[in-house]
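>>> All I have is the shape, not the residue letters:
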Ligand SMILES: NC(=O)c1ccc[n+]([C@@H]2O[C@H](COP(=O)([O-])OP(=O)(O)OC[C@H]3O[C@@H](n4cnc5c(N)ncnc54)[C@H](O)[C@@H]3O)[C@@H](O)[C@H]2O)c1
């Protein structure tokens, strides 16, 4: 119960990782603002059953106004705002050579601009309170160029996630570092969890052989990402900022 009395916004809360993060923060005692394009009724019910207060919102993170409304609703409904976990994202696959311009724009809009706009919207109340924990979700694909072993299987590049996805996530890593420095003096930490392949809707199409690429021999679990987020979202992580925390089963080590 390290987050008792704290209020956390989780974007992408209806997805595999977002739902696990929301449940984990609720277990730690946090009241929740759940934000997603899709409904989060089931997660909201679980959190309420744990005794937490919940605001459940339909939010498109690509809109600045929608992010500002999200923050306003969270504060009005729950009285304060301490934590943002920016999980909302979309997957994108296929070769760079034929990538449609509209697909590049869609991925950048959700996975990079959306994360920035969610972060930007929480800065004023966090600065005013001189307290904040921001956690973004990056990816191993921001670091490894997509294909873990091109010399063995060239078709893997198309399945690994594409250049737009990797570039957007690399952007998330960079914005995490910039915000960490900009906000540190106001006791606001900004960190990133960078997962490898996690069993969720996003990776449902991945072949079983992907497991062989991971030293631990299995996909990760959303709960394992949530555990890392919970550490960074808690008061205890006050001296940790600008960290990109890999949760990738050893698939990429740097
Ligand atoms: N699953 C993986 O292997 C993996 C690995 C590395 C990083 N990630 C990242 O983790 C995050 C969550 O992934 P997941 O596996 O839970 O995927 P998911 O598809 O289960 O969940 C993503 C959620 O984001 C929501 N969303 C999409 N666009 C949105 C928008 N414009 N506004 C608000 N919400 C929106 C979706 O409705 C969905 O509920 C993503 O940022 C993803 O890129 C996932």
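Great, that's in hand. In this text the structure is predicted, and so the values were computed from the model without any measurement.

>>> Look up phi and psi at the spatially closest residue to residue 129 that is not a sequence neighbour.
Closest residue in space to residue 129, ignoring its immediate chain neighbours: residue 80 at 7.1 Å, by C-beta to C-beta, 6 or more residues apart in numbering. All C-beta spots, glycine's among them, are computed from the backbone N, C-alpha and C. When read as degrees, to the nearest 10, the backbone of residue 80 gives phi -170, psi -180.

>>> okay, now residue 80: neighbour count?
Close neighbours of residue 80, defined as other C-beta atoms under 10 Å, add up to 13.

>>> isn't there a strand covering residue 8?
Yes: judged by DSSP: H, G, I helix; E, B strand; the rest coil, residue 8 forms part of a strand.

>>> if I look at it, how far off is residue 54?
To residue 54, residue 8 is 11 Å away according to C-beta to C-beta, to the nearest Å.

>>> Same question for residue 132.
20 Å.

>>> and the residue nearest to residue 129, what does it touch?
6-7, 125, 129 (C-beta atoms under 8 Å, 6 or more residues apart in numbering).

>>> May I see the residues you listed organised as TSV, with distance to residue 242 added?
Listed next are the contacts of residue 80 as TSV, based on distance: C-beta to C-beta, whole Å:
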residue	distance to residue 242
6	21
7	24
125	21
129	21
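
>>> Filter those down to the buried ones, ChimeraX style.
To isolate the buried members of those in ChimeraX, using 16 or more other C-beta atoms under 10 Å:
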select :6,7,125
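
>>> Max pairwise distance over the contacts of residue 80: which two?
Maximum pairwise distance among the contacts of residue 80 (C-beta to C-beta): 13.1 Å, between 6 and 125.

>>> Can you show me the strands along this structure?
For the chain, the strands defined by DSSP state E cover 7-11, 31-36, 54-58, 83-86, 132-137, 188-195, 244-247.

>>> mind checking which of the ones you listed is nearest residue 96?
Nearest of these to residue 96, taken as C-beta to C-beta: strand 188-195 at 21.5 Å.

>>> Tell me the helices and strands packed up against the helix ranked longest in the chain.
The residue-count maximum for a helix in the chain (DSSP state H) belongs to helix 163-183. Helices and strands touching helix 163-183, as assessed by 3 or more C-beta pairs under 8 Å, 6 or more residues apart in numbering; DSSP states H and E, comprise helix 101-108, helix 114-129, strand 132-137, strand 188-195.

>>> how about these in JSON lines, adding distance to the ligand?
Output for the helices and strands packed on helix 163-183, formatted as JSON lines (distance: least, C-beta to the nearest ligand atom, whole Å):
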{"stretch": "helix 101-108", "distance to the ligand": "9"}
{"stretch": "helix 114-129", "distance to the ligand": "6"}
{"stretch": "strand 132-137", "distance to the ligand": "4"}
{"stretch": "strand 188-195", "distance to the ligand": "4"}
